[in-house]
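Peer 1: Predicted model and sequence follow; I will ask about them next.
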Amino acid sequence: MSEHGNTILKWWGSALGRETAQGRALSARLRRATPVEVMCEPRVHDLACELGIKDAERLVRLVSLLAEVREHVSQPLAKNLGSGDPKPFSTLRFQKLMRATGDELVSGMRRAIKIAGHRCNVAVLGEDLMFWSEQTRMTWCFHYFGADAPKPISGEKVE
């Protein structure tokens with residue numbers, strides 16, 4: 001787990017922890033908040049400072065989706081969505097999520113987290129949301145279909 005992942009998991013546990021009334025209340029506010037309301041929460045700015053995030057849209061996406069998670073488990077969200085027979089998250093719905101951007105990505109992720117029982121690896125989800133890219137989508141595809149993401153061939157340059 002990277003430094004970003006550790007920071008996100010620590011923040012999630014302290015700010016949104018299910019054990020305290022304050023954590024449950026903040027989590028509920030963030031799930032229902034508009035982007036401006038999210039940005040008005042001091043704990044959100046604590047995370048932004050710790051991670052060095054200056055992009056408000058990315059920060060809002062990150063914390064509003066972290067607020068959907070109720071239990072940290074070792075398995076990444078994509079693996080939870082693709083495991084079992086039948087898969088809890090259909091292949092067509094997963095493909096749509098992988099093509100989504102902006103608000104469509106946020107609503108699709110909310111649905112995915114709900115279908116996964118509000119459980120996933122918070123650190124991995126947080127990092128993925130921070131650095132959402134083609135590479136992240138490819139890793140999610142490998143996880144969803146139950147395969148390990150390939151490692152670069154020795155000497156191969158990874159960008």
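Peer 2: Received it, and whenever you're ready, just let me know what you need.
Peer 1: Can you tell me how far the residue nearest to residue 136 when sequence neighbours are not counted is from residue 87?
Peer 2: Spatially, and ignoring its direct neighbours in sequence, residue 136 is nearest to residue 128 (5.1 Å; Cβ to Cβ, 6 or more residues apart in numbering). C-beta here means a position set from N, CA and C on the backbone, and glycine is covered the same way. Per Cβ to Cβ, to the nearest Å, residue 128 is found 19 Å from residue 87.
Peer 1: Between these two, tell me which one has more neighbours.
Peer 2: residue 128 (23 against 17; other Cβ atoms under 10 Å).
Peer 1: could you list every residue that touches that one?
Peer 2: 76, 136, 139, 140 (Cβ atoms under 8 Å, 6 or more residues apart in numbering).
Peer 1: do the same with residue 98
Peer 2: By Cβ under 8 Å, 6+ apart, the contact set of residue 98 is 137, 140, 141.
Peer 1: Reformat the contacts of residue 128 into TSV and put pLDDT and neighbour count next to each item.
Peer 2: As requested, the contacts of residue 128 are exported to TSV (pLDDT from 0 to 100; neighbours: other Cβ atoms under 10 Å):
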residue	pLDDT	neighbour count
76	95	21
136	94	16
139	94	18
140	96	23
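Peer 1: and the two most separated of those?
Peer 2: Farthest-apart pair in those is 76 and 136; separation 10.9 Å (Cβ to Cβ).
Peer 1: Setting aside sequence neighbours, what's the nearest residue to the residue positioned nearest the centre of the chain?
Peer 2: Central residue of the chain (Cα atoms, centre = their mean): residue 125, 3.1 Å from the mean position. Residue nearest to residue 125 in three dimensions, not counting chain neighbours: residue 77, with 5.4 Å by Cβ to Cβ, 6+ apart.
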